[in-house]
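Q: Provide a 3D model corresponding to the input given below.
(one chain, ligands or ions: 1)
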Amino acid sequence: MSKNKLKTEKPDSKKPPRKEQPDVNVLKKDKEADVKVKELVKDERTHKVLGMICLLLSVYFFIAFTSYLFTWEEDQDKVFRYAANVLFMNDVKVDNLLGRLGAFVSHWFFYGGFGVASYFFCYLTFILGINFIVGRRVFRVWRNIKHILFGLLFISSVMAFIAIHDGFPWGGAVGDAINRWSIGFIGKTGTALMLLVAGLSWLVWKFNFDFKWPERKPRPEKAAVPIPQPEPVMEEAPVINGKGKRKNGVKGDAGVMVIPPAAETDAEAEEMQLVERADVKSGITYIPPAATIPPVMEEEEEELEEEEEEEEEDPGPLLYIEETVEPTPKKKRTPPEEVAFEIKGFSDAEEEIDEEVEIQREPVHADPYDPLLDLRDYLYPALDLLDTHANEKIVQDATELDKNKNQIIDTLKNYDISIQKISATVGPTVTLYEIVPAAGVRISRIKNLEDDIALSLSALGIRIIAPIPGKGTIGIEVPNVKKSIVSLKALLASEKFQQNNMDLPIAIGKKIDNENFIADLAKMPHLLMAGATGQGKSVGINTLLVSLLYKKHPSQLKFVLVDPKKVELSLYKLIEKHFLAKLPGEEDAIITDTKKVIHTLNALCIEMDVRYDLLKEAGTRNIREYNAKFVQRRLNPQKGHRYLPFIVLVIDEFADLIMTAGKEVEMPIARLAQLARAVGIHLIIATQRPSVNIITGTIKANFPARIAFKVSSKIDSRTILDIGGAEQLIGQGDMLVSFNGELVRLQCAFVDTPEVEKVAEFIGGQRGYPEAFMLPEYVDEKELEGKEFNLQDRDTLFEEAARVIVQNQQGSTSLLQRRMKLGYNRAGRLMDQLEAAGIVGPNMGSKARDVLVKTEADLEEILNSF
Ligand SMILES: Nc1ncnc2c1ncn2[C@@H]1O[C@H](COP(=O)(O)OP(=O)(O)OP(=O)(O)O)[C@@H](O)[C@H]1O
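A: This is a model prediction of the structure:
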């Protein structure tokens, strides 16, 4: 934040004002220098240059070292004799291909360091170079450094040991020192054994060989159950990825897979056999660890290995994967790529698992659930996809400041208002002149002079804030002659945006004092935007959406986009499989049709109800607590629990919707606005016409955060902000934000359509989910009302509901609601249909209905007979 204040002395009306040119830049210098260094360090070009230097070093080392192997005898002498001075002695001739520096450096590394193991330095500089140039972690640096350190010590010791009497420094000074100490301490044989054990240990650590003792023949009754293994541990959470990560698929009886740790004792193995049988019965397929790692890309492989290393002390993740393969009669290990499995959050196979296995399922050891692993290779968009707009620098025209200041003083003087002090703060679009009136001046007098001051300054959009809350001054906002654009890129690059840990950070714009205005949508918790056409609403919506895209992972956030104008939000179609939510069976994720908007809003209400049920069951009060509990694996996915992403509903032209659908839209919006905040559903609603019949009392009461771009009348300003002022704005992203009881004037951050397109293309080009996030299905109650139940036109979810009820042997409507994400009415109707079909008994008041069909096989027969 840089406040650029122009202080003047007390106005003495007799003296003409001094024509001083204030040096407004002085205060900013230090801060700018600081910011520049930080920017330079973060700059992608700096990284590339560093990368090139590292690669050059790598090649340099390689040539110098290799040349040293052939020329060391000739050069060693000279380097010994002159030491570092050799570098500056032109008359000394060396044979190393890279001259005196090459000879000196390689001597230093080989003789004084690690001998031939010095080649590891070529490797180290190479991986650093590649990582810097590519701009991401192609090689894992710390992991490699661990190996390199070990390699340097081990290889130099081994080489020194083997070639102990050779003149060439095979192990260098380090190898020799270790060797000498070791031989003195444990003798030559001891050293040889120690080196052998160290080498083998490294190999075992790296490749984890299977040292299997020939198995004892299993006792006859256990022979039927193969693969003795220790206690299996199951992961409570799903591996939600079909391609890039643990594609540990197996054709199993019912499609639940367990990855066990390695067997340790016979007793454990025997115990395991019992578990195994239970698994076979219940349809859990058991796979030994070796079969589970499919071929993956190098980097992923490395990551997996690393995870495995970490997991060694904390055995066994637990996995639930729902497969789409046919059950096979015999358990069979299948190569992972042959298995087509569809991963849907969590398996619904609960019903197929008996009590015994249920006990096994309690997580014994489990890493926290990481939602980001859904799309583990997802890359967040980089800042260079956004543009820096040309006239971004704030122009501080000292002459203009002086002129305006004098005009204000003169105008007030004409009305006999004298002031004690005046200061100016230059913002991107307007300059705020703060005045302290002389004692005894009534503030309302100054407020009434708004038009006169505007006239004297011959400027539009003058706004008087009398008094500025909490400051004891009166503010006069005067538009700048040269306005500057606030680039979204600059806001997103700011530390305040990068370093915050808000749930839904939105970079909105810059305040008058140039402070970045970054807020948490989750705390707002909904946002109402209004503004006449062409004043910056669409840009504002893009700004909010793009800032969320820069900070959130697709697993954490979903958008529901409603765009009656059909063109404004169409760019976001590209990110459908990453960030958008839609109704089942819909083609377009961006909703443009009013009828579908009603369905979507009602579906969101159902999602909200389902989420509340989940929260209640989990004993949590809001989505934060719920997700925290889920991440700690304290909630069982088999009971319908899942990681809940935030959902942001964006409506670009609300007035249009209210005009066409009225109450049908207003009711669900009002419900969502009243209740949805705790379950992570937030609304951003924009409208051109902020009239009272569109922004009704209920809606307004639930949107404490509001943004007004320039509106056409004071009445509109009052409707949206409860106060005038928005009609005085100057357009082009100039806005007033009413939030937390404060009214702040901001210049909205600007992001142009091509920039949004680039970001959407970047995200859309990456691997996403198989489809958009599915909202619960909503069936219009009116459409179904009055229809007599006829088995032919039963609900589309009839069969699924029947299965849920029979599998659970529990005729409860709330079970259907929870499991199938249904509204109460639809679930109730389904239950009536199930009763008519003879699957459940009659309604028993508050008790669950009897389930008349006892097995799935019976149910299938009934369903087939329809
Ligand atoms: N924050 C901003 N900074 C600079 N210029 C802006 C900003 N916001 C909008 N503008 C300018 O104003 C023009 C209109 O903005 P925008 O399309 O967002 O208006 P709108 O209110 O959505 O209009 P409509 O309701 O007709 O769609 C933009 O093309 C851009 O040139």
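Q: going forward, measure contacts and count neighbours with C-alpha atoms only.
A: Will do.
Q: which sections of the stretch 701-850 of the chain are below the confidence cut-off?
A: Per-residue confidence for the stretch 701-850 of the chain (pLDDT under 70) gives these ranges: 780-793, 845-846.
Q: and it, which of its residues are near the ligand?
A: Counting by CA under 6 Å from any ligand atom, the stretch 701-850 of the chain comes close to the ligand at 732-733, 748-750.
Q: State the pair within these that is farthest apart.
A: Gln732 and Ala749 (10.3 Å; CA to CA).
Q: neighbour count winner among those two?
A: Here Gln732 and Ala749 are compared on neighbour count by other CA atoms under 10 Å; more neighbours surround Ala749, at 28 against 18.
Q: Surely the more buried one is in contact with Gly733?
A: Yes: at 7.5 Å, Ala749 counts as touching Gly733 under the criterion of CA atoms under 8 Å.
Q: what touches both of these two?
A: A shared contact of Ala749 and Gly733, defined by CA atoms under 8 Å, 6 or more residues apart in numbering, is any residue touching both; here these are Gly540.
Q: in the helix or strand hosting Met608, what counts as buried?
A: When elements are assigned from DSSP states H and E, Met608 belongs to helix 594-618. The neighbour-count check on helix 594-618 (16 or more other CA atoms under 10 Å) flags 594, 597-612, 614-615, 618 as buried.
Q: Just the helices from the stretch 401-550 of the chain, written as ranges.
A: 443-448, 450-456, 488-493, 495-498, 537-551 (DSSP state H, counting those that start in this stretch).
Q: Export those helices as TSV, with columns for mean neighbour count, distance to Ala678 and mean pLDDT.
A: Putting the helices of the stretch 401-550 of the chain into TSV (neighbours: other CA atoms under 10 Å; distance: least, CA to CA, whole Å; pLDDT from 0 to 100) gives the following:
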stretch	mean neighbour count	distance to Ala678	mean pLDDT
helix 443-448	14	41	80
helix 450-456	17	43	78
helix 488-493	22	27	92
helix 495-498	16	23	90
helix 537-551	22	19	94
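Q: Mind putting these into CSV with distance to the ligand?
A: Rendered in CSV, the data for the helices of the stretch 401-550 of the chain read as follows (distance: least, CA to the nearest ligand atom, whole Å):
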stretch, distance to the ligand
helix 443-448, 28
helix 450-456, 23
helix 488-493, 9
helix 495-498, 18
helix 537-551, 4
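Q: Redo these as JSON lines? Include distance to Leu635.
A: Conversion of those to JSON lines gives the following (distance: least, CA to CA, whole Å):
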{"stretch": "helix 443-448", "distance to Leu635": "59"}
{"stretch": "helix 450-456", "distance to Leu635": "60"}
{"stretch": "helix 488-493", "distance to Leu635": "35"}
{"stretch": "helix 495-498", "distance to Leu635": "31"}
{"stretch": "helix 537-551", "distance to Leu635": "26"}
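Q: still on that earlier bit, next secondary structure after the helix holding Met608?
A: From helix 594-618 onward toward the C-terminus, using DSSP H and E, the following helix or strand is helix 623-631.
Q: That following helix vs helix 594-618, what angle?
A: For helix 623-631 against helix 594-618, the angle between stretch directions is 60 degrees (axes from the mean of the first three to the mean of the last three CA atoms, to 10 degrees).
Q: what packs against helix 623-631?
A: Using 3 or more CA pairs under 8 Å, 6 or more residues apart in numbering; DSSP states H and E as the contact definition, the elements that helix 623-631 packs against are helix 594-618.
Q: what's in contact with the helix it packs on?
A: In contact with helix 594-618 (CA under 8 Å, 6+ apart) are residues 562, 564, 582-583, 591, 621-623, 626, 635, 640-641, 657, 660-661, 664-665, 668-669, 671-672, 676, 679, 681, 775-780, 817-818, 821-823.
Q: next one: stretch 553-561
A: Under the contact criterion CA under 8 Å, 6+ apart, stretch 553-561 has outside partners 371-372, 374-375, 378, 380, 569, 578-582, 589-591, 644-651, 773.
Q: again, but for stretch 722-738
A: Residues from elsewhere that reach stretch 722-738, judged by CA under 8 Å, 6+ apart: 429, 460-463, 479, 534-537, 539-540, 704-718, 721, 743-750.
Q: of the contacts of stretch 553-561, buried ones?
A: Members of these that pass the buried threshold by neighbour count (16+ other CA under 10 Å) are listed as 371, 374-375, 378, 569, 578-582, 589-591, 644-651, 773.
Q: Please list the members of those that lie in helices.
A: Within the buried ones among the contacts of stretch 553-561, membership in helices is found for 578-579, as judged by DSSP state H.
Q: what about the strands in the stretch 401-550 of the chain?
A: Listed in chain order, the strands found in the stretch 401-550 of the chain under DSSP state E, counting those that start in this stretch are 419-426, 430-437, 463-465, 474-479, 505-511, 516-520, 527-530.
Q: So for Thr125, which of those sits nearest?
A: Shortest distance between Thr125 and those, using CA to CA, is found for strand 505-511: 37.8 Å.
Q: domains in this structure, as residue ranges please.
A: Residue ranges of the domains in the chain are recorded as 42-207, 223-375, 390-471, 488-592+647-663+677-755, 781-865, according to automatic domain parsing.
Q: Packed most tightly, which of those domains would that be?
A: For these, the largest average neighbour count (mean count of other CA atoms under 10 Å) is found in domain 488-592+647-663+677-755, namely a mean of 21.
Q: start to end distance for that domain?
A: By CA to CA, to the nearest Å, the extent of domain 488-592+647-663+677-755 from end to end equals 10 Å.
Q: Then stretch 564-580?
A: Across stretch 564-580, the straight-line distance between its terminal residues is 17 Å, by CA to CA.
Q: show me the contacts for the residue lying closest to Asn622 once chain neighbours are set aside.
A: Ranked by CA to CA, 6 or more residues apart in numbering and with sequence neighbours excluded, the top spatial neighbour of Asn622 is Ala678, at 4.7 Å. With contact taken as CA under 8 Å, 6+ apart, Ala678 is in contact with 621-623.
Q: Which positions in the protein make contact with the ligand?
A: With the criterion set to CA under 6 Å from any ligand atom, the chain comes near the ligand through 485, 533-539, 732-733, 748-750.
Q: Please identify which pair of the residues you listed lies farthest apart.
A: Using CA to CA, these span at most 19.4 Å, a distance reached by Ile485 and Thr533.
Q: So what's the residue count around whatever residue of the stretch 351-500 of the chain ends up closest to the ligand?
A: When you check the stretch 351-500 of the chain against the ligand by CA to the nearest ligand atom, the closest residue turns out to be Ile485, at 5.3 Å. One way to gauge burial is a neighbour count; for Ile485, by other CA under 10 Å, it gives 23.
Q: Phi and psi next, for it.
A: With angles defined as degrees, to the nearest 10, Ile485 shows backbone torsions of phi -90, psi 140.
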